[in-house]
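Engineer: no sequence on this one, just coordinates:
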């Protein structure tokens with residue numbers, strides 16, 4: 001734990017370790033969507049794992065304040081970040097969340113009715129499909145731009161220090 005905190009800082013460590021409960025909770029959400037339809041998913045198992053891992057994560061966070069940290073510049077330390085760096089990192093998080101939401105929707109939706117409606121020449125479903133494609137491209141482009149800007153702001157902070 002000390003090595004990870006030293007490498008990522010307290011904020012980065014908290015964000016990185018949040019995956020231990022966020023991924024099982026995402027599995028629970030996906031399986032609870034599918035369970036009533038096909039009766040093959042067991043959402044309560046994923047929920048139980050997610051809640052146990054949430055408790056583990058909370059214990060990790062309570063111990064986080066006691067870990068000594070060497071003073072140096074870290075990428076995701078909120079106290080050290082410049083205003084521009086915080087803004088571009090927040091934009092990066094927003095675009096990544098949008099991409100994850102798109103992927104989650106794409107994985108859990110039955111595309112059969114949409115593709116058959118597009119094949120039948122209906123304009124509404126075609127507009128929906130184009131809008132979804134534009135949204136996907138916007139999220140990918142936003143991730144690229146905000147990552148570059150966030151990295152540039154971090155490099156600028158390093159050069160000033």
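Structural biologist: Good, I have the coordinates. In this text, all values refer to a predicted model and were calculated from it rather than measured experimentally.
Engineer: Any stretches of this protein with poor pLDDT?
Structural biologist: Along the chain, segments meeting pLDDT under 70 span 1, 7-8, 29-42.
Engineer: the helices in it, which residues?
Structural biologist: Taking DSSP state H as the test, the helices found in the chain are 2-17, 19-38, 43-64, 83-108, 112-119, 123-160.
Engineer: which one of those helices lies closest to residue 77?
Structural biologist: helix 2-17 (4.0 Å; C-beta to C-beta). From N, CA and C alone the C-beta is placed, and that goes for glycine too.
Engineer: So which other helices or strands are in contact with that closest one?
Structural biologist: Under the contact criterion of 3 or more C-beta pairs under 8 Å, 6 or more residues apart in numbering; DSSP states H and E, helix 2-17 touches helix 43-64.
Engineer: who does the helix it packs on touch, helix- and strand-wise?
Structural biologist: helix 2-17, helix 19-38.
Engineer: ok, now which ones touch residue 76?
Structural biologist: By C-beta atoms under 8 Å, 6 or more residues apart in numbering, the contact list for residue 76 reads 8, 9, 11, 12, 15, 89.
Engineer: I misspoke; the intended subject was residue 137.
Structural biologist: Counting by C-beta under 8 Å, 6+ apart, residue 137 has no contacts.
Engineer: Export the helices of the chain as JSON lines, with columns for distance to residue 75.
Structural biologist: Putting the helices of the chain into JSON lines (distance: least, C-beta to C-beta, whole Å) gives the following:
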{"stretch": "helix 2-17", "distance to residue 75": "7"}
{"stretch": "helix 19-38", "distance to residue 75": "17"}
{"stretch": "helix 43-64", "distance to residue 75": "17"}
{"stretch": "helix 83-108", "distance to residue 75": "9"}
{"stretch": "helix 112-119", "distance to residue 75": "41"}
{"stretch": "helix 123-160", "distance to residue 75": "6"}
